[in-house]
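> I would like the atomic coordinates for the input below:
(4 chains)
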Amino acid sequence: MDLTYTSEQGRFRAKVRDWLVRNVESLPAPGTREGFEAHRAWERKLAAAGFDETDVVTRAIFEEEYLLANGPERITVVGTKLMAPTLIAHGTPEQQERWLPSIYDASEIWSQGFSEPEAGSDLAGIRTRAVREGSEFVVNGQKIWTSYGAFADWIFALVRTDPEAERHNGITFLAIDMRSDGVEPRPITQLDGHAGFAEVFFTDVRVPVANVIGDVNDGWRVAMTTLGAEREAPARPAARYLRDLRELATMIDRDDPVAVDEVLKLYVAAKCYEHSTKRTLSRLANGEAIGIDASVTKLQWSELERRVFDVGLDLTGPGNHTEAWWHNYWYARAATIYAGTSEIQRNIVAERILGLPR
Amino acid sequence: MDLTYTSEQGRFRAKVRDWLVRNVESLPAPGTREGFEAHRAWERKLAAAGFDETDVVTRAIFEEEYLLANGPERITVVGTKLMAPTLIAHGTPEQQERWLPSIYDASEIWSQGFSEPEAGSDLAGIRTRAVREGSEFVVNGQKIWTSYGAFADWIFALVRTDPEAERHNGITFLAIDMRSDGVEPRPITQLDGHAGFAEVFFTDVRVPVANVIGDVNDGWRVAMTTLGAEREAPARPAARYLRDLRELATMIDRDDPVAVDEVLKLYVAAKCYEHSTKRTLSRLANGEAIGIDASVTKLQWSELERRVFDVGLDLTGPGNHTEAWWHNYWYARAATIYAGTSEIQRNIVAERILGLPR
Amino acid sequence: MNFDFDDTQYALRDLARELFAKESPPSRVREIRDGKPVDRRVWKTMAEAGICGITVPEAFGGAGGTELDLTLVYEEAGRIALPEPLLELTGVAAPIIASHGTDVQKERWLPAIASGDADADVRIDGEDVVIGDDRIAGAFRDAYARAFSGTASLLNGVSMRLVEMTTEYVKDRHQFGKPVGSFQAVKHKLASMHVAIASSRPAAWYASYAVANELADASIAACVAKIAANDTNELCDGDALQCHGGIGFTWEHDLHLWLKRGMELRDSFGRSHELRRNLAAVHTLEELL
Amino acid sequence: MNFDFDDTQYALRDLARELFAKESPPSRVREIRDGKPVDRRVWKTMAEAGICGITVPEAFGGAGGTELDLTLVYEEAGRIALPEPLLELTGVAAPIIASHGTDVQKERWLPAIASGDADADVRIDGEDVVIGDDRIAGAFRDAYARAFSGTASLLNGVSMRLVEMTTEYVKDRHQFGKPVGSFQAVKHKLASMHVAIASSRPAAWYASYAVANELADASIAACVAKIAANDTNELCDGDALQCHGGIGFTWEHDLHLWLKRGMELRDSFGRSHELRRNLAAVHTLEELL
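Just a heads-up that it's a prediction; the model follows:
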């Protein structure tokens, strides 16, 4: 057991930290066109800086430093973390050549078209349909909770190509140019007034058959790679929660032993999570697949994130917080819902790790 | 709204308190023959004292006083609270005349034969069988968690009389003399070393058909009266938890604000329960049936009881408690299991009160 | 032993329920939360129906009622997330002025509260209660008991509404080919919410009874009721949003109106750990138990 | 970055698992809990297998290992509810004497611990550690870190065993015509137990690493590990018994052996609220965060 970093990793951390200190700027939120373009420019600059994120440990170092430097929201994650690995696993050489470079240099921004109003946790319930006409598919339907749906260049979507097939079958994984005729994003305003997500409506959108990733009607298998990549991505940095707790510690009444005790409970939970992420990182660094254990990790960080903000609100009250704090508060509340609710994750842990009967 | 007691009720309380002060004695636990007979004698004395428990309010007053006087464990409850109302609802005049007087004067003690090893929360899964031979049933099978099973005079049992019928059908409610040939109780030792419950084995036990309560194969309906009576019985006195908390308050470190805060949380919960029981009592006093709301009450007191002892153990540690405290601790742990687990109760609340689909 | 409201009180609840539903639908609550000023029309309508003057003595144009006459109306106001100052003027100011005010203060405020013309902030300042520019000295203890008791019932109303909305939603919403409400995890959340309300509601009713009858334990009972209502609402808030999933996070859906109302009311007059700390500062455990 | 044990450490775990299963089955644990004295045979067998001397320097007949070599053995000892004084003698006394003891003390105790002949109580008394009638001055800080770290791993082992027993039981036990383990309420309890262990276990592993390498945060990390292991065990204790239902309350069933072992270990060297209180007394939140 050795939890130290190599001197090379140490130099990398110093280089990243130095670059971020000199370059991080405060950008307008990416929920407007102006803000989105500012974030795109930032992503290009970041890509050009060329931090060599070849292994999971360096990537984790980068993300920790990025977080501590208060770096801007990353609008490229759907492309780099989800679409790129999916393309590498299932795309043709032509598809990889067409899309990978523009993902890596941030010149084209991707969004994800999985969720639908009637298919939240139950992805196999999607209803968006694509009917083949010659060398094109004609797409009709609706996606929801599409990040940056109003501004992204491309969307990868699950569409139903065989309406007769049962649930997981008859689904196809399709790359759709958001600038096509008939694609209409409508921004979703969230309960805190924030924008960013969109509903995306597809009306007779024509998509070349060449944009199918994997085989027609085999999209569920392709999507499993996407979801797997999402899961295999290193967990949310623990540094984030310790930072949130440092902020909380400044806001509570330090003469109130009960309040201090509540923060200490969260501190213990955050440290446990920190050690858990180190263990996950170490497994990934050793070439192990995390697989279904990703559900354990998701439960760990999402429940911790909620607790940090629930207890935080209870200890400090609703009256004294910045807009950014509230954004984080509501985002924490959503953490136990998006990317698979806590209920679904517990089912997975019970059935697939502990082997309980369905 | 008027929460005061009438002057008559006040006099009744004073009379009960006075009698208990003069008569309550410390008895050996009822898990031995000697202890059981001491409790039987106490019950006879209590019955002879003739406290007129005609309405729910006076009954609640009696039980509160009995609790505060540290009165002995009541070994007659199965008879008075479960069998008597069942006999009144479903028994023939002959059956009522045969059993009711000896229930009321405590000369015959009853036990309950519902649970079986394979049928805990799922009562319809019972396997004990009774086959008719002339004017008798021949009973074979096994009951478990029978209170005072080793010493009681009578047991009322659910037995399967039609093995072909589905689950709730083909069950008969039978009064069985525990002194019959072939009845063999085996005491259950609990994890804290306490006795009291028994497994009861029936081997070719002959029971007169005249001992069937209600109709043959209609026992499920009769049992619903028994369970309903159990539910309609006024809830566990809140005074009990406030007493437990007074004891806990003497054991914690009063200079530790976190420990005091934990006791205050329990205090709030106990007061809420106290007010809830008053509301239930008032509904019963006004002739309302509690029905399915009994599941809410069960969840309230059982979860409170567990919290009181769980938090109590956490604040005081396992090292400094009397045997009586430990008995109450483990009994509290069982509270969320016996008489319908918390899981079953929550199902009932969700389905039958809130109307969620099965 | 009659722990129930009387027919008049239930009739008043029904009247309030109908009036609130008609005059203050979610669309209005939403507009006001969006920044639109609270129009005085609803408050005037409430005055005409006799709600504003429930606690104003008859001599000053009110109904001469007590905290108990308000309890069920509070619950309805919470259920509808009513923005009107029912607690402040009718719940706190009127009875405080009637019992602690000078004749001049009574003349100035009581008829105006009953008629719906009063328009003033109410706050507790040290040992005094301040209404607009007027000060009622030494009334803080009574005011806190009324504020705790009333806020507890408002909060219980919010929690009841959260259970209603969530129950309805999970019956409708299908995932994996069946209603979300048929999953045991969802059932158990709603059952726990229901049980929590079944605990905090009688505590608030008792607090109203103790305040109305000036019982010795009124202050403590009201504080207990507020703590219990806070905790119940926190539970309901968490699970209502979890059971709604994504849709609950949209501005468009009404759920957040009740989540935010609950948050404000939990904060009003003290969050649970503050109230417990205050209880512990004033009373020994022996006094409480 | 390698947060894992090495092959030797895993081999030692396997050896311990096999030895404990063979030498200390539940029937033995039960007898000892019933009052039968702990026979020395198992301890001697452990000594012969090299377990007692894991932390004894090679010069004194041990393996010269560290806290990290003990971690997985602790978990196995917890899983089997081993009554032997592994923590006291091998986990605390040996390394404390090796680092803080006089030459006489080393000669007296270390070979005897490795050979399984040592038979003495170990306790922390103020700033000293007391072994039998011998006193090691000023070693309390190191001793607490080792006691916390070791007890945390023992407790995690107990929790792991509770999950194993409960998982097995709910797969077998049928109610309402299907396995109890197919109900979502039961699944979610077991999933939460599993997740809790997945959090407290790496914390204990890190504590061992910090203690073994004498890192600056060793004391704090060990305290955090003990708190986490306590809380995980409390959760597992509650839900394991709930999922077992009635059968778990019988003397006959083995479950209570692990419930009681967990209770004792949660109490050993401090329950969670005491440990947090001590943390807060010694460190500011800024130091910790």
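
> Please count neighbours and contacts with C-alpha atoms only from this point.
Fine.

> What segments of the stretch 101-250 of chain C are strands?
For the stretch 101-250 of chain C, the strands defined by DSSP state E, counting those that start in this stretch cover C:122-125, C:128-131, C:134-136, C:174-175, C:178-179.

> tell me which parts of the stretch 151-289 of chain C are close to chain B?
C:167, C:171, C:179, C:181-182, C:184, C:187-188, C:190-192, C:194-195, C:198-200, C:202-203, C:206, C:209, C:224-225, C:227-228, C:276-277, C:280, C:285-286, C:289 (C-alpha under 8 Å from any C-alpha of the partner chain).

> out of those, which are buried?
Buried subset of those (neighbour count, 16 or more other C-alpha atoms under 10 Å in any protein chain shown): C:167, C:171, C:179, C:181-182, C:184, C:187-188, C:190-192, C:194-195, C:198-200, C:202-203, C:206, C:209, C:224-225, C:227-228, C:276-277, C:280, C:285, C:289.

> List, one by one, the residues from chain A near chain C.
Close to chain C, as judged by C-alpha under 8 Å from any C-alpha, chain A has residues A:118-122, A:125, A:188-193, A:258, A:314-315, A:317-318, A:334, A:336-338, A:343.

> out of these, which are inside helices?
With DSSP state H as the criterion, helices contain A:258, A:314, A:315, A:334, A:343 from among the residues of chain A next to chain C.

> burial of the last one, as a residue count?
For residue A:343, the number of neighbouring residues by other C-alpha atoms under 10 Å in any protein chain shown comes to 22.

> ok, now the third one?
Taking other C-alpha under 10 Å as the neighbour definition, residue A:315 ends up with a count of 22.

> Please tell me how far it sits from chain B.
14 Å (C-alpha to the nearest C-alpha, to the nearest Å).

> go on, the fourth one?
Residue A:334 sits at a distance of 24 Å from chain B (criterion: C-alpha to the nearest C-alpha).

> For that residue, give me its contacts.
Residues near residue A:334 by C-alpha atoms under 8 Å, 6 or more residues apart in numbering or on different chains: C:245, C:246, C:249.

> looking at the strands of the stretch 101-250 of chain C, which is buried most?
Of all the strands of the stretch 101-250 of chain C, strand C:128-131 carries the top mean neighbour count, a mean of 21, counting by mean count of other C-alpha atoms under 10 Å in any protein chain shown.

> So which elements touch it?
Counting contacts by 3 or more C-alpha pairs under 8 Å, 6 or more residues apart in numbering or on different chains; DSSP states H and E, strand C:128-131 packs against strand C:122-125, strand C:134-136, helix C:140-172.

> Let me know the average pLDDT across that strand.
For strand C:128-131, mean pLDDT is 97.

> what's in contact with that strand?
Under C-alpha under 8 Å, 6+ apart, the answer for strand C:128-131 is C:93, C:120-124, C:135-140, C:143.

> for these, which one is nearest chain B?
Nearest to chain B, judged by C-alpha to the nearest C-alpha, of those is residue C:143 at 21.1 Å.

> And for the closest one, the neighbour number?
The local packing of residue C:143 (other C-alpha under 10 Å) involves 23 other residues.

> Quickly list the domain ranges of chain A.
A:7-75, A:84-218, A:234-353 (automatic domain parsing).

> By mean pLDDT, which helix or strand of chain C comes out lowest?
Ranked by mean pLDDT, DSSP states H and E, the weakest helix or strand in chain C is strand C:174-175, scoring a mean of 92.

> Quick check: closest non-adjacent residue to residue A:111.
Spatial nearest neighbour of residue A:111, chain neighbours left out: residue A:155 (4.6 Å); criterion: C-alpha to C-alpha, 6 or more residues apart in numbering or on different chains.

> Which residue, other than its chain neighbours, is closest to the residue nearest in space to the middle of chain C?
Central residue of chain C (C-alpha atoms, centre = their mean): residue C:154, 1.7 Å from the mean position. Nearest non-adjacent residue to residue C:154, counting by C-alpha to C-alpha, 6+ apart: residue C:78, 4.3 Å away.

> hmm, back to that, can you tell me which of the helices and strands packed on strand C:128-131 is nearest to residue B:208?
helix C:140-172 (50.0 Å; C-alpha to C-alpha).

> For the closest one, name the packing helices and strands.
Counting by 3+ C-alpha pairs under 8 Å, 6+ apart, helix C:140-172 packs on helix C:67-79, strand C:122-125, strand C:128-131, strand C:178-179, helix C:184-212, helix C:218-244, helix C:255-267.

> With just CA atoms, put the third one into PDB.
The one in question is strand C:128-131. Extracted C-alpha coordinates of strand C:128-131, given in PDB (Å, rounded to 0.1, in the frame of the first residue of the first chain):
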ATOM      1  CA  ASP C 128     -41.900  43.600  23.200                       C
ATOM      2  CA  VAL C 129     -44.100  43.000  20.200                       C
ATOM      3  CA  VAL C 130     -44.000  45.600  17.500                       C
ATOM      4  CA  ILE C 131     -46.900  46.200  15.100                       C
END
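
> Skipping adjacent residues, who's closest to the residue of the stretch 101-250 of chain C found nearest chain A in space?
Proximity of the stretch 101-250 of chain C to chain A (C-alpha to the nearest C-alpha) peaks at residue C:250, 4.3 Å away. Setting aside the residues directly before and after it, residue C:250 is nearest to residue A:190 in space (C-alpha to C-alpha, 6+ apart), at 4.3 Å.

> And that neighbour, how far from residue C:248?
9 Å (C-alpha to C-alpha, to the nearest Å).

> And for residue A:131?
Between residue A:131 and residue C:248 the computed distance is 33 Å (C-alpha to C-alpha).

> Then residue C:231?
21 Å.

> same check, this time on residue A:338
With C-alpha to C-alpha as the criterion, residue A:338 and residue C:248 are 12 Å apart.

> go on, residue C:66?
38 Å.
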